[in-house]
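**Q** Sequence and computational prediction follow.
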Amino acid sequence: MINRRPTRIAAAVLGTALAVSSFSAAHADTPEITPIEQIQGTGSASPMAGQDATVRGVVTGAYAEGGIRGFYLQSADSGADATGQASSAIFVYAPDEVSSVSVGDHVQVSGEVSEYYGLTQLKAGSVAVLDEPAEAVKPLAVALPASDAERERFESMLIEPQGEFTVSVNYSLNQYGELGLAMGTSEILPGERLLRQPTDVFRPGSAEAKALAAENEQRSIVVDDGATLNFTTSRNKQIALPYIDAQQRVTVGAEATFIGPVILDYRYDLWRLQPQGQVIGADDADIAVNFEQVESDAPDEVGGNVSVGSFNVLNYFTTTGDMLDGCSYYTDREGNPINVRGGCDARGAATAESFERQQSKIVAALSKFTADVVVLEEIENSARFGQHRDAALANLVNELNDEAGRQVWSYAPTPSVVPADEDVIRTAIIYRNKAVKPIDESVILDDPAFSNARDPLAQAFQRVGGNQNTRFLVVANHFKSKGSNPDDGSGNADKGDGQGAWNEARVGQAEALVQFADRLKKLRNTDKVLLAGDFNSYSAEDPMQVLIEAGYVDLGAEADSQSYLYGGLVGSLDHIFASKELAGKVTGEDIWNINATESVGYEYSRYNNNITNLFTADQYRSSDHDPVLVGLQLDKKN
């Protein structure tokens, strides 16, 4: 269930009163004043680049700390309307002088005009705060234009953005202090607020996919923090992250409302909205945006009398890095190891203490996940560490039962026949005893197609109290990922059509999966089949078409959300497909947005990464994929 509530964040609004600084004063002996609009010009670059100029204006944003090392200056009494063809504001690079000016000061600057990676600026030679008053700058109320050329008109100006905004990406929030917004709604996908992966809805390389990619670009804008800091470096970890803390999250899909003016800025090849001062912490006075707080304590109801879900447990390894030789680690701000970086077979937590934090979030999420049968991905294959193959899986089930206070959960045991060479991570299946019971033993698909992926695991179930007609088969999947682009002539290189690397391998895995399911239908005496898990393919991509052409129905296609976020675009890599014999018995579906939509800063792997403690033992960011859930109505009479 999702509950949305507004939260109020203080905004710094440019006042009408102008402060008089004692830094310096300029009077009648100043050189000729050049209008800022003349420096900006009407093109993408200043017509005066390389020339010296003297300008006057009102300071609208100042950044003595945080790396920007300058301030924004805008022509006095400007901003009332959007009729001007050139911007009336400019960035002043003044690392030595910026600490002596304040927002609202009337300032004269002399220096050289230049273009700094696309941003017109004045490199200050002298800065003087004027004694005489000036008319206040009026924030321009304007809908943000879509094109670069149109945005150039307002470069560096103080604006009040108009229209609807939705948080579209927060991945860089705990690193660079920035987040992305989607403006308005999609015209190509009517009513869609977020930015969709084109290949999640349209065939790769199609005109529709290309059009959606172009629209996504036009609808995107970055909200920055008035700084250029990298919060993952040792020194900057001591500075509180902007916008978020343990209680106040900035969630993808949340509504963003501007409650104060911001500056339209261009840095690092992107248009940005800068606050008027550096934002430090979640309640800084310079924050000019409200972010709707989105709470989700459980998935939506999906109906039926049996439910099945998929959950990626983010490298749940009871074998921690400190138990092995050769591991390297990601560390916290004090240098303590948190999770394994490489050098050994462990993939999860570095220490028992870190593992307990990881486990607390996974147990919290799975305990609230209402599925009766859950397909798991990225759980430890304990056989690789000299233990029983199910050791880590058994540990997770024990923890879930301890949390429930009774024996609620069981797992599908490893079958008698196991592939000789398996990955260090595996798929698994757990289930609620009172809802379903396993039929026969599980089966692992041992096929060359999965030599670079995790072998599918199948288990037949029957509803408790039901009969043969309530029997169904679940196959757990984790296909080859899109990364590590190969250059070996295998045909698996990224073709640039949106499907990423290893697409041919995933197609082969989908074909092998269909054949595996067909065999098991006969062996387990049921044609009701669910293919579930992390397929590492978006919904309209080639591997998913293999399953659809084989007669399977993508149940997640009916959900109103997606399971994954990458590059600011949402799409589903996690799916549950039903055979046609079972698809008609589906009563509902949901994608529970608790992971992909939250900042990575809340993961156990980022514990104590910043002076702001973001860790809580709850369901949020227990993984990087969102769980998928479907409901089934399985009756004794078919």
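**A** Structure received.
**Q** So Ala392, which state does it fall into?
**A** Ala392 carries the three-state label helix when classified by DSSP: H, G, I helix; E, B strand; the rest coil.
**Q** Count the residues that sit near it.
**A** The tally of other residues near Ala392 (other Cβ atoms under 10 Å) stands at 24. Heads up, the C-betas are built off the backbone N, CA and C, glycines and all.
**Q** Could I get the contacting residues of it?
**A** 316-319, 379-382 (Cβ atoms under 8 Å, 6 or more residues apart in numbering).
**Q** chain center to stretch 126-135, what's the gap?
**A** 44 Å (Cα atoms, centre = their mean, to the nearest Å).
**Q** Name the helix or strand for the closest residue in space to Glu187 that isn't next to it in sequence, please.
**A** Once flanking residues are discounted, Glu187 sits nearest to Glu215: 6.8 Å by Cβ to Cβ, 6 or more residues apart in numbering. Using DSSP states H and E, Glu215 sits within helix 207-218.
**Q** Mind listing residues that contact that helix?
**A** Applying Cβ under 8 Å, 6+ apart, the contact partners of helix 207-218 are 146-147, 186-189, 195-196, 198-199, 201-203, 498, 540, 568-569.
**Q** Mean confidence (pLDDT) on the next helix-or-strand element following that helix, please.
**A** Later in the chain than helix 207-218, the nearest helix or strand by DSSP H and E is strand 220-223. Taken as a whole, strand 220-223 has a mean pLDDT of 97.
**Q** buried residues in strand 220-223?
**A** Residues of strand 220-223 classed as buried under the neighbour-count rule (16 or more other Cβ atoms under 10 Å) are 220-223.
**Q** quick revisit: would you mind giving the contacts of Ala392 as a markdown table with neighbour count, pLDDT and distance to Ala550 added?
**A** Shown next, in a markdown table, are the contacts of Ala392 (neighbours: other Cβ atoms under 10 Å; pLDDT from 0 to 100; distance: Cβ to Cβ, whole Å):
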| residue | neighbour count | pLDDT | distance to Ala550 |
| --- | --- | --- | --- |
| Tyr316 | 26 | 98 | 31 |
| Phe317 | 27 | 98 | 34 |
| Thr318 | 22 | 98 | 37 |
| Thr319 | 25 | 98 | 37 |
| Ile379 | 29 | 98 | 27 |
| Glu380 | 29 | 98 | 31 |
| Asn381 | 26 | 98 | 28 |
| Ser382 | 22 | 98 | 33 |
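**Q** related to what we said a few turns ago, next, count neighbours for the residue nearest to Glu187.
**A** If you count neighbours by other Cβ under 10 Å, Glu215 ends up with 19.
**Q** and what of Tyr602?
**A** Tyr602 has 23 neighbours, counted by other Cβ under 10 Å.
**Q** Return the backbone torsion pair for the closest residue to it other than its chain neighbours.
**A** Excluding the flanking residues, the one nearest Tyr602 by Cβ to Cβ, 6+ apart is Arg621, at 3.7 Å. Main-chain torsions, Arg621, degrees, to the nearest 10: phi 60, psi 40.
**Q** Would you agree Arg621 is in contact with Ser599?
**A** Yes: in this structure Arg621 lies within contact range of Ser599 using Cβ atoms under 8 Å: 7.0 Å.
**Q** just to revisit the earlier point, now, which of the buried residues of strand 220-223 sits nearest Glu549?
**A** Using Cβ to Cβ, Ser220 is the member of the buried residues of strand 220-223 that lies nearest Glu549, at 34.2 Å.
**Q** Identify the bridge partners of that closest one.
**A** Residues in a beta bridge with Ser220, per DSSP bridges, are Ala182.
**Q** So it versus Asp624, what's the distance?
**A** Relative to Asp624, Ser220 is positioned 21 Å away (Cβ to Cβ, to the nearest Å).
**Q** got it, and Ile429?
**A** For Ile429 relative to Asp624 (Cβ to Cβ), the value is 21 Å.
**Q** So for these two, which sits in the more crowded spot?
**A** Ile429 (24 against 19).
**Q** How far away from the center of its chain is the longest helix along the chain?
**A** Longest helix in the chain, counting residues (DSSP state H): helix 503-523. Relative to the centre of its chain, helix 503-523 is centred 31 Å away, using Cα atoms, centre = their mean.
**Q** what mean pLDDT does it have?
**A** Mean predicted confidence for helix 503-523 is 97.
**Q** After it, which helix or strand is next?
**A** The helix or strand immediately downstream of helix 503-523 is strand 529-534, counting by DSSP H and E.
**Q** In contact with the closest residue to Ala349 other than its chain neighbours, which residues?
**A** Nearest non-adjacent residue to Ala349, counting by Cβ to Cβ, 6+ apart: Phe355, 3.7 Å away. Neighbouring residues of Phe355 by Cβ under 8 Å, 6+ apart: 317-318, 320, 348-349.
**Q** Let's see that with 7 Å instead.
**A** Counting by Cβ atoms under 7 Å, 6 or more residues apart in numbering, Phe355 touches 320, 348-349.
**Q** quick check, nearest of those residues to Val169?
**A** Nearest to Val169 among those, counting by Cβ to Cβ, is Gly348 at 25.6 Å.
**Q** Before we move on, what's the pLDDT of that closest one?
**A** Looking at Gly348, the pLDDT reads 98.
**Q** the helices in this structure, which residues?
**A** Under DSSP H, the chain gives helices at 36-40, 148-152, 198-201, 207-218, 352-368, 391-404, 503-523, 542-549, 580-583.
**Q** Of these, which is nearest Asn593?
**A** That would be, of the helices of the chain and by Cβ to Cβ, helix 352-368, which comes in at 11.9 Å.
**Q** Quick check: buried residues in the closest one?
**A** Those would be 354-355, 357-368, for helix 352-368 by 16+ other Cβ under 10 Å.
**Q** Turn these into CSV, columns for pLDDT and distance to Ile90.
**A** Below are the buried residues of helix 352-368 laid out as CSV (pLDDT from 0 to 100; distance: Cβ to Cβ, whole Å):
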residue, pLDDT, distance to Ile90
Ser354, 98, 48
Phe355, 98, 53
Arg357, 98, 48
Gln358, 98, 49
Gln359, 98, 53
Ser360, 98, 51
Lys361, 98, 47
Ile362, 98, 51
Val363, 98, 54
Ala364, 98, 50
Ala365, 98, 49
Leu366, 98, 54
Ser367, 98, 55
Lys368, 98, 52
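**Q** what two of these are the furthest from one another?
**A** Ser354 and Lys368 (22.5 Å).
**Q** and of the buried residues of strand 220-223, the nearest to Ala80?
**A** Comparing the buried residues of strand 220-223 against Ala80 with Cβ to Cβ places Ile221 closest, at 22.9 Å.
**Q** Tell me who's in contact with that closest one.
**A** For Ile221, counting by Cβ under 7 Å, 6+ apart, the contacting residues are 144, 181, 183, 271, 273.
**Q** cutoff 10 Å now
**A** 144, 146, 151, 161, 165, 168, 180-183, 264, 270-273 (Cβ atoms under 10 Å, 6 or more residues apart in numbering).
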